[in-house]
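Participant: Only the shape, not the letters, is given here:
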């Protein structure tokens, strides 16, 4: 039995401007700190983050700082935190976000009551003064469920389309089973195969109502706003998803969802990279064709014909040679 009920992992690079808001929000989480381990992973910061951490560390009884001399990316930083986590439950929080009052207490109460492998919850996006509530796409709440019910249906937003690591709480047993770690050396899209693996391989989950996470969007230094080679990690992410689905005993049920997601995100990324240098667009095309070869050709055909014609035209040259039917259909 661990001494900690909860370990919170917070990776951040150059997050000094936001740390005050984050740590003050943690002080409003209720009577949790005697049994909570706070792990901050300083991922190569060059701002005032180290000095601020010295100050904030005095606010909490169990505060650890792990430092990477150079940035390793969100996935590796989270994994470093997981290696140090001792809690019965584990939560993730990004350094530029914060929590509504009582959020952690509500999640822990639900975790103790339901006893599931992991919990998911809603969040609120914050962009300037605009705040929008975003609901986890599951109407059944506060009861244990088989995680596989969160994958389908194919053409609706489901829990695998809601991959945010910070939107929930995870029991230690999924860490010990080896299904909570993030793919190594991913700079972006690290949570896509991660959420699929949880829903395919964990035994139970629940979506619960909780005060929520406040998630900053629209920041100029966010990787999600930068179009460069790091954004191509989505290709490797889908390669991992396809491997997970293909190895699953119920693969025939889940392939359509995985393929449909691939075509939708590929379409989006092709548009994003439209003004990029030619070598980067070539890398996108070649990588996409390689990963598409993992998809059974007949299943790809079945999903491709269901897409809007504009999407068919956009993605056709990014699919593999084995899918020659694609070129015939879009002529």
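Facilitator: On my side now, so go ahead. Quantities reported herein were computed from a predicted structural model and do not represent experimental measurements.
Participant: alpha carbons only for contacts and neighbour counts from here, please
Facilitator: Noted.
Participant: can you tell me how far residue 94 sits from residue 318?
Facilitator: Distance, residue 94 to residue 318, by C-alpha to C-alpha, to the nearest Å: 33 Å.
Participant: pretty sure residue 191 contacts residue 184?
Facilitator: No: counting by C-alpha atoms under 8 Å, residue 191 does not reach residue 184; the two are 11.2 Å apart.
Participant: quick one, which of those two is more surrounded?
Facilitator: Just comparing residue 191 and residue 184: by other C-alpha atoms under 10 Å the higher neighbour count belongs to residue 191, 22 against 15.
Participant: so what's that one up against?
Facilitator: Residues counted as contacts of residue 191 (C-alpha atoms under 8 Å, 6 or more residues apart in numbering) are 163-165, 182.
Participant: Phi first, then psi, for it.
Facilitator: phi -100, psi 0 (degrees, to the nearest 10).
Participant: so what's it scoring on pLDDT?
Facilitator: Here the pLDDT value assigned to residue 191 is 98.
Participant: and the protein, what are its domains?
Facilitator: Taking automatic domain parsing as the reference, the chain has its domains at 6-224, 227-330.
Participant: looking at the ones you listed, which one has the lowest mean pLDDT?
Facilitator: Mean pLDDT is lowest for domain 227-330 among these, at a mean of 93.
Participant: so how far is residue 116 from the closest residue to residue 26 other than its chain neighbours?
Facilitator: Nearest residue to residue 26 in three dimensions, chain neighbours excluded: residue 99, at 6.9 Å (C-alpha to C-alpha, 6 or more residues apart in numbering). According to C-alpha to C-alpha, residue 99 stands 22 Å off from residue 116.
Participant: circling back to that earlier point, export the contacts of residue 191 to JSON lines and tack on neighbour count?
Facilitator: Output for the contacts of residue 191, formatted as JSON lines (neighbours: other C-alpha atoms under 10 Å):
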{"residue": "163", "neighbour count": "19"}
{"residue": "164", "neighbour count": "20"}
{"residue": "165", "neighbour count": "21"}
{"residue": "182", "neighbour count": "22"}
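Participant: For those, give me CSV that also has distance to residue 69 and secondary structure.
Facilitator: Shown next, in CSV, are the contacts of residue 191 (distance: C-alpha to C-alpha, whole Å; DSSP: H, G, I helix; E, B strand; the rest coil):
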residue, distance to residue 69, secondary structure
163, 28, coil
164, 26, coil
165, 24, coil
182, 20, coil
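Participant: Three-state assignment for residue 9, please.
Facilitator: strand (DSSP: H, G, I helix; E, B strand; the rest coil).
Participant: That one is in contact with residue 78, isn't it?
Facilitator: Yes: contact criterion C-alpha under 8 Å: residue 9 and residue 78 qualify, at 6.8 Å.
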